[in-house]
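> sequence first, then the predicted structure:
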Amino acid sequence: MVPCLSSSQTQQTSQISISLPSQHPAFLVSTAFLLLALSVPSAGSGSSLDIPVHRYGLSFGNSKDFTGLRFNLVDRGVNRVRGINVTFWVPEDNGRARYDGLNLALVGTQAAEINGVSVSLVGTGGGELNGLFLNGVGIGSGDINGLGFGLIGIGAGDISGVGIGGIGIGANNLTGFALGGLGIGCHDLSGIGIGGLGIGGHNMTGLVVGGLGVGGHNFKGVGIGGLGLGGHNLQGIFLGGLGVGGHDLTGVAAGLIGVGGNELTGLFVGGIGVGGDRITGISAGILGVGADTMTGIHLAGGHLRTEDFTGFGTGIYTRGTGRVEGLTIGIFNYAAKLHGVQIGLLNYAGNNRKGLKLLPVLNVHLD
């Protein structure tokens, strides 16, 4: 007996479809990787499977000049790729390549020039990088223009834009914003630099912050060092957790312990003291202020020491071993040659006449 189907059963049967393997996403991915594996060229080869035409569209393999979507295991001797490039292993002999667009690499990228967006799990190396670069390990390049992020760090000749290194950044010239987890080292820095431990450079201009310290030869701008800040020529505002030191320091400087230098011009505050060969401007130290030559207003909680003094000074003990011009106020004021006024418990003017050298409350010599 032949079974019969009802009309409803026939309708349900007609709606049943069979999914062919070629329609399944897993099958498509497997096929793509199979094509990629089959198209892997020998060393130095430029063979590839390009769809629909040579050099344009979709490419599997080591196409050396291509525009479109490109997949390759290992790039070798590439000339130029425009579009989206996906690679999976360390490039070989690829130093003349140029990539324009989106570059995705599992293990590293090597090129003479990369323009656009580059993402790599391990790292990126190139002569010139322009755009956005995100790397799991780090970046090594001649020049970087744009934004570069390296989980471990960044090393480059010149960086213009934003550079972020998980451990640190090293470059010849930094222009823009640079952040190093541990620190930053460079020759020239212009912009904003932040180092978890510290920053060191030859010429620095802008805002520089070091978790422990900042050191530079020439520095113009604002510098903050968690422990301290030092340099040869400093111009601007400088704050050191413990202290600030410079050969020539012009501007404003403050340190929990103190501020010191050869030539100081501006405003200087030291928790313990301020010292230098020459201080011009305003200085203040809880314990003392000292310099060979002092001009301006100098306030010492304890000892004010100088050879030549011009201006206003205070201290428990003010001592001028040379010429003192102006007004000094202290418990004991000493001047080898006074040309001004002393106010204190005892006041000594070495150039006054006998009997008037040591006087209480007030001593004056105005010639």
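Good, I have the coordinates.
> now do the buried residues in the helix or strand hosting Asn262.
Using DSSP states H and E, Asn262 falls within strand 258-270. Within strand 258-270, the residues that count as buried by 16 or more other Cβ atoms under 10 Å are Gly258, Val259, Gly260, Gly261, Glu263, Leu264, Thr265, Gly266, Leu267, Phe268, Val269, Gly270. In this view, the C-beta of every residue, glycine as well, is placed from N, C-alpha and C.
> make CSV out of the residues you listed and add pLDDT and distance to Asn363.
Shown next, in CSV, are the buried residues of strand 258-270 (pLDDT from 0 to 100; distance: Cβ to Cβ, whole Å):
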residue, pLDDT, distance to Asn363
Gly258, 95, 30
Val259, 97, 31
Gly260, 95, 31
Gly261, 93, 32
Glu263, 96, 31
Leu264, 97, 29
Thr265, 97, 30
Gly266, 97, 31
Leu267, 97, 30
Phe268, 97, 28
Val269, 97, 29
Gly270, 96, 29
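> out of those, the closest to His298 would be?
The closest of the buried residues of strand 258-270 to His298 turns out to be Phe268 (Cβ to Cβ; 9.4 Å).
> and the gap between that closest one and Gly285?
8 Å (Cβ to Cβ, to the nearest Å).
> try Glu325
For Glu325 relative to Gly285 (Cβ to Cβ), the value is 21 Å.
> of the two, which one has the most company?
Gly285 (27 against 17; other Cβ atoms under 10 Å).
> ok, what's across the strand from the closest residue to that one other than its chain neighbours?
Spatial nearest neighbour of Gly285, excluding adjacent residues (Cβ to Cβ, 6 or more residues apart in numbering): Gly273 at 3.5 Å. Gly273 has these beta-bridge partners by DSSP bridges: Gly258, Gly288.
> ok, Gly273 touching Val289?
Yes. If you go by Cβ atoms under 8 Å, Gly273 and Val289 touch, sitting 6.1 Å apart.
> and for stretch 358-367, what's in contact with it?
333, 338-349, 351-352, 356 (Cβ atoms under 8 Å, 6 or more residues apart in numbering).
> what about those residues, which are in helices?
Using DSSP state H, no member of these sits in helices.
> which of the residues you listed sit farthest apart?
It's His339 and Leu345 that sit farthest apart of the contacts of stretch 358-367, by Cβ to Cβ, at 21.5 Å.
> quick one: the residue most central in space within the chain and Leu304, what's the gap?
Central residue of the chain (Cα atoms, centre = their mean): Gly193, 3.0 Å from the mean position. In this view, Gly193 and Leu304 are 37 Å apart by Cβ to Cβ.
> end to end on stretch 341-357, go ahead and measure it.
Using Cα to Cα, to the nearest Å, one end of stretch 341-357 lies 13 Å from the other.
> cool, and stretch 59-75?
13 Å.
> follow-up on the earlier one: pull the contacting residues for the residue nearest to Gly285.
Gly258, Gly285, Ile286, Leu287, Gly288, Val289, Gly290, Ala300.
> please report the distance of Glu128 from Tyr99.
Plainly put, Glu128 is 11 Å away from Tyr99 if you go by Cβ to Cβ.
> which one of the two has more residues nearby?
Taking other Cβ under 10 Å, Glu128 and Tyr99 do not tie; Tyr99 has more neighbours (30 against 18).
> list the contacts of the one helix or strand that one maps to.
Using DSSP H and E, Tyr99 sits within strand 98-105. Contact with strand 98-105 is made by 78-88, 109, 111-122, 124, as judged by Cβ under 8 Å, 6+ apart.
> got any ranges where this structure has weak pLDDT?
The chain contains residues with pLDDT under 70 at 1-46.
> and the longest strand for it?
strand 303-349 (DSSP state E).
> C-terminal to it, what's the next element?
strand 358-365.
> returning to that earlier point: by contact count, what packs against the longest strand of the chain?
strand 288-300, strand 358-365 (3 or more Cβ pairs under 8 Å, 6 or more residues apart in numbering; DSSP states H and E).
> those helices in the stretch 1-150 of the chain, which residues are they?
Counting by DSSP state H, counting those that start in this stretch, the stretch 1-150 of the chain has helices at residues 7-14, 25-38.
> for Pro153, which non-adjacent residue is spatially closest?
Pro isn't right for residue 153; it's Gly. Gly165 (3.9 Å).
> surely that neighbour is in contact with Ala156?
No. Counting by Cβ under 8 Å, Gly165 does not reach Ala156; the two are 10.3 Å apart.
> pull the number of nearby residues for Ser47.
Residues near Ser47, counting by other Cβ under 10 Å: 12.
> identify the residue nearest Ile152 in space, chain neighbours excluded?
Closest to Ile152 by Cβ to Cβ, 6+ apart is Gly138, at 4.5 Å.
> okay, how far is it across stretch 103-117, tip to tip?
End-to-end span of stretch 103-117 (Cα to Cα): 6 Å.
> for stretch 137-155, which positions count as buried?
In stretch 137-155, counting by 16+ other Cβ under 10 Å, buried: 137-141, 143-151, 153-155.
> my bad, should have said stretch 110-130
Buried-residue list, stretch 110-130, by 16+ other Cβ under 10 Å: 110-120, 122-130.
> identify the farthest-apart pair in the contacts of Gly273.
Farthest pair in those, by Cβ to Cβ: Ile286 and Gly290, 13.2 Å.
> looking at these two, which is more packed in?
Gly290 (23 against 15).
> wait, isn't that one in contact with Gly302?
No. If you go by Cβ under 8 Å, Gly290 and Gly302 don't touch, sitting 10.5 Å apart.
> returning to that earlier point: so what strands line up beside the strand holding Tyr99?
In the sheet, strand 98-105 lines up with strand 80-87 (parallel), strand 109-120 (parallel) (DSSP bridges).
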